[in-house]
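*Asks:* sequence-free structure coming up:
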């Protein structure tokens, strides 16, 4: 049975914010994340489907998994306008509705911050990948600087997951990817948005990993 994931207020706020963030530079990061992909792709936690228009034509099919009902409906609308075939289904990371070793690539974009069990999600991603496949990831993560990391951990322990749909600001996702049996072959660290005062979710990573 698929876990019932509902964040009706956050989902609507996120949908509005995501459009403004696309215009503010997020679209370029999404395009870089998906550049060069080919074959069959599994996208985990597709949200409202903002990645879909960035998939290159070398991708033959995308299965997009999204458990939140409002976001899933938005993703289905965006799938209809994508340049590649996209199917949007209900499902959660950790119990992905796919056979073992069935995809050439898995995309995790701004989702590993909010899964309840990050390790279980990444082990499930590994299960879904074919030999020679890769994980593409774009996530906000814990800051390498102690002052901001302290703020992030304080937020995680109090209000942040409650108001942000289960999101955590202080996860060390790069280390979690390696611990789940992946080798990082490309890793870029940067701040987004790159303002003078970093927001709690400004530190990001973007890159590729393969099975060890």
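*Replies:* Okay, I see it. Being a predicted model, the structure only gives us computed values, none of them experimental.
*Asks:* which residues in the chain form helices?
*Replies:* Applying DSSP state H to the chain gives helices spanning 8-21, 27-34, 69-79, 118-128, 146-156, 160-163, 173-179.
*Asks:* show me what the most centrally placed residue in the chain is bridged to.
*Replies:* Nearest to the mean C-alpha position of the chain, counting by CA atoms, centre = their mean, stands residue 109 at 2.1 Å. Bridge pairing for residue 109 (DSSP bridges) gives the partners residue 138.
*Asks:* which residues of the chain score low on pLDDT?
*Replies:* Low-confidence segments of the chain (pLDDT under 70): 1-3.
*Asks:* give me that answer again for 50
*Replies:* When residues are selected by pLDDT under 50, those of the chain lie in 1.
*Asks:* follow-up on the earlier one: save the helices of the chain as JSON lines, and put in mean neighbour count too.
*Replies:* From N, CA and C alone the C-beta is placed, and that goes for glycine too. Formatted as JSON lines, the entries for these read as follows, by neighbours: other CB atoms under 10 Å:
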{"stretch": "helix 8-21", "mean neighbour count": "15"}
{"stretch": "helix 27-34", "mean neighbour count": "18"}
{"stretch": "helix 69-79", "mean neighbour count": "19"}
{"stretch": "helix 118-128", "mean neighbour count": "20"}
{"stretch": "helix 146-156", "mean neighbour count": "16"}
{"stretch": "helix 160-163", "mean neighbour count": "15"}
{"stretch": "helix 173-179", "mean neighbour count": "17"}
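*Asks:* thinking again about what came up before, I figured the residue nearest to the centre of the chain hits residue 45, correct?
*Replies:* Yes - here residue 109 reaches residue 45: they are 7.4 Å apart, a contact under CB atoms under 8 Å.
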